[in-house]
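Chemist: Sharing a model prediction with you, sequence too.
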Amino acid sequence: MRLSRLIQEAGIERVDGFREVEVSRIAYVPEAAGGEGVLFACVDEYHYNNRWGTARDWLEVLPRLGVVALLSAEPVAGLPVPQLITADPRRAMGRVARLLCGKPDEGLRVIGVTGTNGKTTTARLVGHLLRAAAEPCATLGTLGLEAGPQWVEPGAYTTPLAPELYALMAKVRSFGMAAMAMEVSSHALALERVAGLTFEAAILTNLERDHLDFHGTLEAYAAAKARLFERVERSGFGVVNAGSASFERFARSCSGRVVTYGWDGMGADFEAARYVGSPAGSRFEVRWGGRAMPFQSRLAGRFQVENCLAALALLLSMGKDPELLRAGLETFDPVCGRMEQFSLPAGGTAIVDYAHNPDGLRKVLETCRALCAGRLHVVFGCGGDRDRGKRPLMGALAAEWADICWVTSDNPRTEDPAKILEEIVSGMGAGKRVERVVDRAEAIRLAVAEALPEDVVLIAGKGHEDYQIIGLERRPFSDQATLLALGARHRVSPP
């Protein structure tokens, strides 16, 4: 695309040193700036193991990159290329990326899912159920890009930065997808990673404490997530959990029609009732508009039923066939690292779950307690260089719900792992058995060795992650692989 057209369509306020050049793509880190026709965007963002980087980090290398133009908040001296100056380079980067990728969202039904917990499962449910209803749909999020078992690509972020996001959308369109359900994180909304994108629908799963190391306050965190609902087109839907204390705020933010979901008696548009849960899954009834229909799922726990109900509320509101959705839900398998079950050699059960904040840990502990006929063990930690305030809160929850707490490392990053464990244990009080084991593999081994035939061992915090960040190094590590090495067997049961 010619630079003059790009400037006009992206709404750039100022250009220094203009000359006409052809722009083929946009980059925001030096490693991606090779080749011809590259516009470089100077933006503050997370790079390299989620460590914050600033535009100034690249000033020394910019003259050697051979880029044809620059996008920045301020001019860069000594760089003889056209410089596009804008007050918000992140937002401009999104607009430019969308243009360079051919506005790929215009040919897709884009559905955004946000919330503290449940985003991955709910987005995957939407994609699976749309495919069951004969509408080809891809999903994008923490586990990467997925369009059925034949096409899966890993990802680095829950919501990619705009250049990668629009490139993936273009690929999704080229593969014949009609829709894309995507997780939209609070970071992505605050950092304009979805700039230029309009959503046909948005779903709020819940809103609880998380990411305060970045947002500062719960109010700022909620405000960031509410931006998704402002991006819903007027003919679209905003699907809101009526059980969330913040649902009215999100409903007010929504540009489209608001649809609520919740449990029986909440007065929501779509309600779940007659819930029956077991380790193998859930049975429940959905009531809406004077109708009632039974559903069953391989997902275990009341919080998983809420995820199912969120997806069903949206798709039923869109007019999808209830019978196709019911059949589709029955074939949806648990998502990697979300209430993922293993049989232990001694006869107990291990459950791997991504719960890494207070609300997520409480919900999964509550579910595991209901499924547990013996003792409930919990193996968990908290990430380093992140919100320290949640550590004693999570410790208190573990002590409240579990019989034996194995406090261990999550991703300690640059913090001292032993000090993180100390802050977790500070919230536990007395009366429960608490073991501190810095080495996560050893903590899992010890918990499994103690588990009796009717015990449940919950291993929380890392879920699908196949690495551990220690210092600045990303080392291979998997809770699932650790269990398998101890003789556990993966369990996939029908409902």
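Modeler: Ah, there it is. Residues are numbered from 1 along each chain as shown.
Chemist: give me the low-pLDDT residue ranges for the protein?
Modeler: The chain contains residues with pLDDT under 70 at 46-52, 148-150, 209-213, 215, 492-495.
Chemist: Extract the C-alpha trace of the longest helix seen in it and format it as PDB.
Modeler: As assigned by DSSP state H, the longest helix anywhere in the chain is helix 302-317. What follows is helix 302-317 as a C-alpha-only set of coordinates in PDB (Å, rounded to 0.1, in the frame of the first residue of the first chain):
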ATOM      1  CA  ARG A 302     -21.000 -25.400  38.300                       C
ATOM      2  CA  PHE A 303     -18.600 -22.800  36.900                       C
ATOM      3  CA  GLN A 304     -18.200 -24.900  33.800                       C
ATOM      4  CA  VAL A 305     -22.000 -24.900  33.400                       C
ATOM      5  CA  GLU A 306     -21.900 -21.100  33.500                       C
ATOM      6  CA  ASN A 307     -19.400 -21.200  30.600                       C
ATOM      7  CA  CYS A 308     -21.700 -23.500  28.700                       C
ATOM      8  CA  LEU A 309     -24.600 -21.200  29.400                       C
ATOM      9  CA  ALA A 310     -22.800 -18.100  28.200                       C
ATOM     10  CA  ALA A 311     -22.100 -19.800  24.800                       C
ATOM     11  CA  LEU A 312     -25.600 -21.100  24.500                       C
ATOM     12  CA  ALA A 313     -27.200 -17.800  25.400                       C
ATOM     13  CA  LEU A 314     -25.300 -16.100  22.600                       C
ATOM     14  CA  LEU A 315     -26.000 -18.700  19.900                       C
ATOM     15  CA  LEU A 316     -29.600 -19.200  20.800                       C
ATOM     16  CA  SER A 317     -30.000 -15.400  20.700                       C
END
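Chemist: Could you point out the helix or strand that follows that helix?
Modeler: Downstream of helix 302-317, the first helix or strand assigned by DSSP states H and E is helix 322-330.
Chemist: all helices of the stretch 351-495 of the chain, in order?
Modeler: Along the stretch 351-495 of the chain, the segments classed as helices by DSSP state H, counting those that start in this stretch run 358-371, 390-401, 417-425, 440-450, 479-485.
Chemist: buried stuff in stretch 135-151?
Modeler: 135-147 (16 or more other C-beta atoms under 10 Å). Yep, even glycine has a C-beta here, placed from its N, CA and C like the rest.
Chemist: so which of these comes closest to P279?
Modeler: L143 (23.0 Å; C-beta to C-beta).
Chemist: right, and the closest one touches H464 too?
Modeler: Yes - with contact taken as C-beta atoms under 8 Å, L143 and H464 are classed as touching, separated by 5.8 Å.
Chemist: quick one: common contacting residues for these two?
Modeler: V335, C336 (C-beta atoms under 8 Å, 6 or more residues apart in numbering).
Chemist: got a list of what P160 touches?
Modeler: By C-beta under 8 Å, 6+ apart, the contact list for P160 reads L140, L168, R193.
Chemist: did I read that right, the first one in a strand?
Modeler: So the one you mean is L140. Yes - if the criterion is DSSP: H, G, I helix; E, B strand; the rest coil, then L140 is within a strand.
Chemist: Dig out what it forms beta bridges with.
Modeler: As for beta bridges, L140 partners with L145, M182 under DSSP bridges.
Chemist: Skipping its backbone neighbours, what lies nearest T86 in space?
Modeler: Leaving aside its sequence neighbours, T86 sits nearest to A92 (C-beta to C-beta, 6 or more residues apart in numbering; 4.6 Å).
Chemist: and the gap between the one you found and L6?
Modeler: A92 is 10 Å from L6, where distance means C-beta to C-beta, to the nearest Å.
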